[in-house]
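Enquirer: have a look at this fold, sequence not included:
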Ligand code: FES
Ligand code: FES
């Protein structure tokens, strides 16, 4: 990590602080590098493999790689999604490796927001497993020159009862390789499920209990810098002037930059402020505390919760527009209850602040590692922010230390880039 | 100025500002990212490490306090991840997102070293500084009992 090579790439990493809009992030000058232990691509252990679809890759060492295209934030999707695929595939759980998918439309909807990963993708996942299983059966049938419907898949292998032949999935990879990818297959009967609906240990148990689990805050690239952004206390405000002399005097501080102004409405856009870049997080925080900033507090300068609450209550008690009327509510109602329900502004407050690391390569392409619930939107937003094509952006999804919807917005990822 | 201490059984000499919180020295300088940052204000417990066997909030302690001490992080608790607390955590699938768990585990190990057979009240008291946003508290309590040898 410490060797310094040709200065050719920029890297960023950043984290927001919780209160006061404090934010830590990073940027670096380094050469080509790969973060260790990120497990974001296929491992190079086997010499050949076959991918019946984008979610499954069967290696000739018998390992089935399952690509989890939804983000893990504590709901257990890195276990439950592979459970569905592995069940239909008749795979042995012990021979399954879960790989976190990058943000790419080939996986379909990846926006992990709204508690619908299994609900909306159940058939898609079953199909991914079932078509892969049928591909294994077709390969075995071709290898043994027997009809496919005489072969059954069970426990990570295909069996032909009449001849007593069996072949493990790994052994079938070579034959399966030039074969057409099946599009549809019949699903297993519910009573035959081995994994679906059964309690399973979380796939990341060892990583979670040994500190090896990698979150958005944990990406380390050689020579990367860390950054912390001071925000306007009023949301949507801008910097009118700032003095960074004291910040630059803090040991470890490398640069102080004014972030692009936020555009309105905020939506998925970056939020502006003054970023302090340093060789470590502490220097970035100390530097940020030392920047003197005059703010133009903007449209929300006077906004405060109590007045806003009153606004909401008064607008809720103004008679509304009738959208649908059925029957005569007044005549048919015997008693009436009145109540006012109020929910204040809520902070999602994930334990892990939003965090992303970015590197801009010499060819202008960008790779990010981020705790994101929505990697495809992150990809598009980073591309737009940098003025490059989406195809030039790779978004690697780390584990999320909680998401709660906050990490479905890619502002912090675009800021890192 | 270099600060010398023992980190997970190895002597280290970290050239850092002595005022830098130990958390950042461990994460950014020593490169051990298992210890997490949650609040930076000694409020959430996710940054808990052991200093001479005592669970401490590393975000709120200057690195200088580590001088000459033995510091243990989640990575140094065991080589293979088989401390009874780690095993109990896996058996009961305690973690959800997992982010708070390195701190929870370090606090739990500290508790069991002090009180080998803690009551629910002992657990609640010792663990009250460790926030879990996913709400895994009941499993944490169960896993501590399990690690203490109580199979219930
Ligand atoms: S990060 Fe140290 S207690 Fe929260
Ligand atoms: S497991 Fe998510 S914060 Fe505790």
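Expert: Structure's in. What do you need? As the structure is a computational prediction, the values presented were derived from the model and not from experiment. Numbers count the residues shown, from 1 in each chain, chains lettered A, B, ... in the order given. Ligands and ions are numbered 1, 2, ... in the order given.

Enquirer: per-residue confidence at the closest residue to chain A within chain B?
Expert: Taking C-beta to the nearest C-beta, chain A has its nearest neighbour within chain B at residue B:34, 2.1 Å off. Using the backbone N, CA and C atoms, a C-beta is placed for each residue, glycine as well. For residue B:34, the pLDDT comes out at 98.

Enquirer: and residue A:226, how many residues sit next to it?
Expert: 29 (other C-beta atoms under 10 Å in any protein chain shown).

Enquirer: that one reaches residue A:275, doesn't it?
Expert: No: Residue A:226 is not in contact with residue A:275 according to C-beta atoms under 8 Å; the separation is 10.4 Å.

Enquirer: OK, contacts around the residue of chain B closest to chain A?
Expert: A:210-212, B:73-75, B:102 (C-beta atoms under 8 Å, 6 or more residues apart in numbering or on different chains).

Enquirer: can you check residue A:108 too?
Expert: By C-beta under 8 Å, 6+ apart, the neighbours of residue A:108 are A:69, A:121, A:124.

Enquirer: ok, whichever residue of the stretch 301-417 of chain A sits closest to chain B to residue A:218 distance?
Expert: The minimum distance from the stretch 301-417 of chain A to chain B, using C-beta to the nearest C-beta, falls at residue A:401 (2.9 Å). The gap separating residue A:401 from residue A:218 is 10 Å, by C-beta to C-beta, to the nearest Å.

Enquirer: so if I had to pick from the two, which one is more boxed in?
Expert: residue A:401 (31 against 26).

Enquirer: SS state for the more buried one?
Expert: With DSSP: H, G, I helix; E, B strand; the rest coil as the basis, residue A:401 sits in coil.

Enquirer: that one and residue B:97 touch, don't they?
Expert: Yes: between residue A:401 and residue B:97 there is a contact under C-beta under 8 Å: 5.4 Å.

Enquirer: out of the contacts of residue A:108, which is nearest to ligand 1?
Expert: Nearest to ligand 1 among those: residue A:69, at 31.3 Å, using C-beta to the nearest ligand atom.

Enquirer: per-residue pLDDT of that closest one, please?
Expert: 95.

Enquirer: residue contacts, residue 135?
Expert: I went with chain A, as the question did not name one. Here residue A:135 is in contact with A:50, A:52, A:176, A:179, A:181-182 (criterion: C-beta under 8 Å, 6+ apart).

Enquirer: should've been chain B
Expert: residue B:96 are the contacts of residue B:135 under C-beta under 8 Å, 6+ apart.

Enquirer: shouldn't it be within a helix?
Expert: No: assessed with three-state DSSP, residue B:135 is coil; it does not lie in a helix.

Enquirer: circling back: so the residue of chain B closest to chain A: helix, strand or coil?
Expert: Assignment for residue B:34 (three-state DSSP): coil.

Enquirer: how many residues are close by the nearest residue to it once chain neighbours are set aside?
Expert: Nearest residue to residue B:34, sequence neighbours excluded (C-beta to C-beta, 6 or more residues apart in numbering or on different chains): residue A:211, at 2.1 Å. Residue A:211: 24 surrounding residues under other C-beta under 10 Å.

Enquirer: and for residue A:383?
Expert: The burial count for residue A:383: 19, using other C-beta under 10 Å.

Enquirer: same check on the one 3 residues further on?
Expert: Burial of residue A:386, expressed as a neighbour count using other C-beta under 10 Å, amounts to 17.

Enquirer: dihedrals phi and psi, residue A:299?
Expert: phi -60, psi -20 (degrees, to the nearest 10).

Enquirer: phi first, then psi, for the nearest residue to it once chain neighbours are set aside.
Expert: Take residue A:299 and drop its neighbours on the chain: the residue closest to it by C-beta to C-beta, 6+ apart is residue A:236, 5.7 Å away. Torsion angles at residue A:236 (phi, psi; degrees, to the nearest 10) stand at phi 90, psi 0.

Enquirer: mind checking how far residue A:236 is from residue A:269?
Expert: 10 Å.

Enquirer: wait, residue A:120 touches residue A:110, no?
Expert: No: if you go by C-beta under 8 Å, residue A:120 and residue A:110 don't touch, sitting 11.7 Å apart.

Enquirer: contacting residues for the residue nearest in space to the middle of chain B?
Expert: With distances taken as C-alpha atoms, centre = their mean, the residue of chain B nearest its centroid is residue B:106 (2.8 Å). By C-beta under 8 Å, 6+ apart, residue B:106 lies in contact with B:48-50, B:55, B:72-74, B:77.

Enquirer: inside helices: which ones of these?
Expert: With DSSP state H as the criterion, helices contain B:74, B:77 from among these.

Enquirer: ok, so of the contacts of residue B:106, who is nearest ligand 2?
Expert: Scanning those for proximity to ligand 2, where the rule is C-beta to the nearest ligand atom, the winner is residue B:48, at 12.7 Å.

Enquirer: that closest one reaches residue B:58, doesn't it?
Expert: Yes: counting by C-beta under 8 Å, residue B:48 does reach residue B:58; the two are 7.1 Å apart.

Enquirer: report the separation between the residue of the stretch 201-350 of chain A found nearest chain B and residue A:230.
Expert: As assessed by C-beta to the nearest C-beta, chain B sits closest to residue A:211 within the stretch 201-350 of chain A, at 2.1 Å. In this view, residue A:211 and residue A:230 are 30 Å apart by C-beta to C-beta.

Enquirer: neighbours of the nearest residue to residue B:115 once chain neighbours are set aside, just the number please.
Expert: Spatial nearest neighbour of residue B:115, excluding adjacent residues (C-beta to C-beta, 6+ apart): residue B:122 at 5.3 Å. Residue B:122: 15 surrounding residues under other C-beta under 10 Å.

Enquirer: how close does residue B:122 sit to residue A:76?
Expert: Residue B:122 is 30 Å from residue A:76, by C-beta to C-beta.

Enquirer: what does residue A:96 give?
Expert: Distance from residue A:96 to residue A:76, by C-beta to C-beta: 15 Å.

Enquirer: spatially, what comes nearest to residue B:1 if we skip its sequence neighbours?
Expert: Closest to residue B:1 by C-beta to C-beta, 6+ apart is residue B:18, at 5.9 Å.
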